[in-house]
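S.K.: give me a model of this one.
(one chain, ligands or ions: 2)
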Amino acid sequence: MTAAALEPVRLADYRVPAFLIDTVHLDIRLERTQTRIVSTLTLRRNPHSAGQGALKLDGDGLVFVEAWLDGVSLPSDAYSVSPHGFSLHQPPAEPFTLAIETRLDPSANTQLMGLYRSNSAYCTQCEAEGFRRITYFLDRPDVLSVYTTRIEASFQEAPVLLANGNRTEHGSLADGRHYAVWHDPFPKPSYLFAMVAGDLAMVADSFTTRSGREVRLEIYVEHGKEDRCAYAMDALKRSMRWDEQAFGREYDLDIFMIVAVSDFNMGAMENKGLNIFNDKYVLALPQTATDSDFAAVEAIIAHEYFHNWTGNRITCRDWFQLCLKEGLTVFRDQEFSSDQRSRPVKRINDVKLLRSQQFSEDGGPLAHPVRPEIYNEINNFYTATVYEKGAEVVRMLKTLIGDEAFAAGMDLYFQRHDGEAVTIEDFLTCFAEASRRDLGQFMLWYRQSGTPEIRAEGQWDEEAGTYHLSLKQILPPTPGQPNKQPMLFPIRLGLVGEDGDLPVTLDGKPFDGLVALAESERNYVFGNVRQAPVPSLLRGFSAPVKLTVALDEEALLTLLKADSDPFNRWQASQSYALKLLLRLVKDPTTPVDPRFIAAVRGLLAGGAVDPAFTALSLALPSETDIAREIGNDVDPQAVYQARSILRRTLARDLQADLLRTIENMTMAGPYSPQAADAGRRSLRNGALDLICAGGTPQALDAAAAQFDKADNMTDEMAALATLALSATPAGERALHNFRERYDNDPLVIDKWMGVQAMLPLEATLDRVKELMHDPAFSLHNPNRVRALIGTFCSANQTQFNRADGEGYRFVADIILAIDPKNPQLAARLLVAFKTWRSLEQGRRTLAAATLRDIARRPGLSRDVADIAQRSLA
Ligand code: BES
Ligand code: ZN
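M.R.: Numbers count the residues shown, from 1 in each chain. Ligands and ions are numbered 1, 2, ... in the order given. Alright, predicted model coming up:
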């Protein structure tokens, strides 16, 4: 059996569309299994295209009924049609209208792409190529059209009928049916089309823009969930205000709607005026959502809203330019959250995510540039590289050209390209003009894959009062890119003495803290260095690189205490812990350095100043962090063991300090999701978790007490996770009680599933298999699958990577079972194998065999075949 043949799409093959579609009129008659669509397009030849001949429209699994050209039914020899396309052999030279009727079965749509049903509602998901599952179309982002949508349905089944834009008409019809007409005046690509119909509850509010226009805000949810929307609504209003203040961007329609659905492949979708959300990122109450859930709701509401300008008003020319909207919008939502919360804490969390998701991707077989040049399946390119590294690239641009030029470049971009579908080159040109800089070398960040390494070496010359710093860039080979050109790095840095930053000079001038490294290697000589300094490099993580610098324990302690940069203070804590952990992986009997324990004690003592920051510094590098540092021949069990030893040692040696922290961080009064309170909870729960690693009865009693009396999900979940990890009867009791308490709340039961899937125990695999029979679980719902199976393979290093290969087998079987129904979901689970090559030989062999077995299966989806083949290449 051979692997499925894939037909790659190449950026180099881009051609402008041969036809333009100025208007789209969609007439949708909803029926559960027999929905009828008539799409009427006004078309004309694209004056910028050399294309001749037939009009070829995309389709995917469509059932064709009839077509009309300028109102006249088309004879069957005038076109050819299949489920995958419609071709009009001789399109008129002058503008014309083409109407096509198709039928589809929303109830049978398990891919959750196109028009499908979620619970009792009809909804759509069109990005990237879902519109072609509704009607034949030029389904590509550079075809912008004005849409009018008429929806008709049974009133009883679907009293609510929504589409993009403004509602222009509605009324009732015979047989208990009714209709609504929506018109969106802004030309848009098909991927931004949306329609929703169902029996939904609605929460309304309003927002007055800075120019005084009133915008109606509506959030639609299942009946009975209305009380869970308040936080999302508030986040929406804060996002709207922030985009006006930070980017000068005002909302443009009279209404903005959000619909929460429970079956959704992704987090949320930015359809024009009608965002559709995974309900996990809308519904939030203190009793059901954790602090991280609240933060995620806020960030995702903001992200999708911000797309209205970065993505919708200005869109992508083709899907290779995905980072144009996603990287930029992630950058914008990160900035928003930084302004709403603590900037350093947000930065640290973003970098943690980048390193764990993106660095591992960039270092393995699935590595690709921020702007890929070839793909087999576009759905597989909504990756950490496009999103997270894409955001880092925008951040570096801002660092390099400065805040003012960056703001001017953004303004120019909005002004010049409003209403267009553009490229990364168009985007960068705006900044090149605004800053009067050549950004040619910077462009390599979009073209070269792999995580660059920056090697730093420094030497203090006491007599001369100088410090010589050499910076070298090393660009590792990645799939398809054996050799690379030197890149441009903004490196923020400082020299730190016992009492803080030293006021040093560079080239005789006071040093402003930033260098731009453009060469393979460069030496800098800092002056006015009167005491032995410790270099604090890559402050704020100013570039997405792996920094290699030899800092001994004393140097790290200096940074931990005296660095003015909070990111590098946190980094020092992590680097120190990592040193110890790497030694423990090699030899579990290595004694733990008492200076480290003293430093953690110091952190705890000062914890009240910034609890969230302290919590981050207290948390040890994760198992995947340690594995990445080891690089190859990783034994996940040895990594886990090393981390456990260090945790137990800290728990034992810092017991009193941790108890004091727990006490000091306890709050009276009602729960608030605000960052300050969330920070105190994170420190308290971090301390609780650590102290329980010691396994003393008192510690576990404290966790049990917290579990019993918690008035919010953050504290309740933290206690549950800690108790479950203890693998004691108290843990089983807590799990049992939790299940009973939240029986009717799928999003909370997801957390319960996740906690169990994460347990680093031999018995976990069987437990996960058993949980699949829990009535709350379903292989059809992406949230359920991700909570149980996704957590098992991405957050349980020891059990997914079991030495006997059973973890791989289990996950592979599930992927193969899901693939025929929902290829996107299946392919995303398969990404869990992305670091298989760095495992020790036994596991590596087993993982490879499993991947090969998947790749060989007949009838795989393109999504899964693509990931399997690239993972093995
Ligand atoms: N446009 C995407 C949603 C999407 C992704 C649709 C892939 C189709 C295929 C949306 O703007 C998005 O990026 N959502 C993220 C969350 C965001 C906060 C990073 C998601 O869904 O994970
Ligand atoms: Zn997005």
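S.K.: and residue 70, how many residues sit next to it?
M.R.: Applying other Cβ atoms under 10 Å, we find 12 residues neighbouring residue 70. C-beta coordinates here come from the backbone N, C-alpha and C atoms, glycine included.
S.K.: whoops, residue 507 was the one
M.R.: Neighbours of residue 507 (other Cβ under 10 Å): 9.
S.K.: next, whatever residue of the stretch 351-500 of the chain ends up closest to ligand 2: phi, psi?
M.R.: Nearest residue of the stretch 351-500 of the chain to ligand 2 (Cβ to the ion) works out as residue 387 at 7.5 Å. According to degrees, to the nearest 10, the main-chain angles of residue 387 amount to phi -80, psi -60.
S.K.: over to residue 27?
M.R.: Backbone torsions for residue 27, taken as degrees, to the nearest 10, come to phi -120, psi 110.
S.K.: now swap in the one 10 residues further on and tell me
M.R.: Dihedral pair for residue 37: phi -120, psi 130, per degrees, to the nearest 10.
S.K.: how about the nearest residue to residue 369, chain neighbours excluded?
M.R.: Leaving out its chain neighbours, the residue that sits closest to residue 369 by Cβ to Cβ, 6 or more residues apart in numbering is residue 449, at 4.6 Å.
S.K.: that neighbour falls within a helix, correct?
M.R.: No. Using DSSP: H, G, I helix; E, B strand; the rest coil, the assignment for residue 449 is coil, not a helix.
S.K.: who touches it in this structure?
M.R.: Going by Cβ atoms under 8 Å, 6 or more residues apart in numbering, residue 449 touches 362, 367-370, 385, 478-481.
S.K.: format the residues you listed as JSON lines; extra columns: neighbour count and pLDDT.
M.R.: Shown next, in JSON lines, are the contacts of residue 449 (neighbours: other Cβ atoms under 10 Å; pLDDT from 0 to 100):
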{"residue": "362", "neighbour count": "26", "pLDDT": "98"}
{"residue": "367", "neighbour count": "23", "pLDDT": "98"}
{"residue": "368", "neighbour count": "23", "pLDDT": "98"}
{"residue": "369", "neighbour count": "23", "pLDDT": "98"}
{"residue": "370", "neighbour count": "27", "pLDDT": "99"}
{"residue": "385", "neighbour count": "28", "pLDDT": "98"}
{"residue": "478", "neighbour count": "20", "pLDDT": "97"}
{"residue": "479", "neighbour count": "14", "pLDDT": "96"}
{"residue": "480", "neighbour count": "13", "pLDDT": "95"}
{"residue": "481", "neighbour count": "16", "pLDDT": "97"}
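S.K.: among the residues you listed, name the ones in helices.
M.R.: Of those, the ones assigned to helices by DSSP state H are residue 362.
S.K.: go ahead and confirm the residue of the stretch 351-500 of the chain closest to ligand 2 touches residue 328.
M.R.: No. Using Cβ atoms under 8 Å, residue 387 makes no contact with residue 328, being 10.4 Å away.
S.K.: ranges for the strands of the stretch 501-650 of the chain?
M.R.: For the stretch 501-650 of the chain, the strands defined by DSSP state E, counting those that start in this stretch cover 505-506, 509-510, 514-517, 521-527, 534-537, 546-549.
S.K.: what of the stretch 201-350 of the chain?
M.R.: 201-208, 214-221, 255-261, 268-269, 274-278, 315-316.
S.K.: in the stretch 101-250 of the chain, which residue sits closest to ligand 2?
M.R.: Residue nearest to ligand 2 within the stretch 101-250 of the chain (Cβ to the ion): residue 127, separated by 8.8 Å.
S.K.: the nearest residue to that residue once chain neighbours are set aside: neighbour count?
M.R.: Nearest non-adjacent residue to residue 127, counting by Cβ to Cβ, 6+ apart: residue 191, 4.2 Å away. Neighbour count of residue 191, defined by other Cβ under 10 Å: 23.
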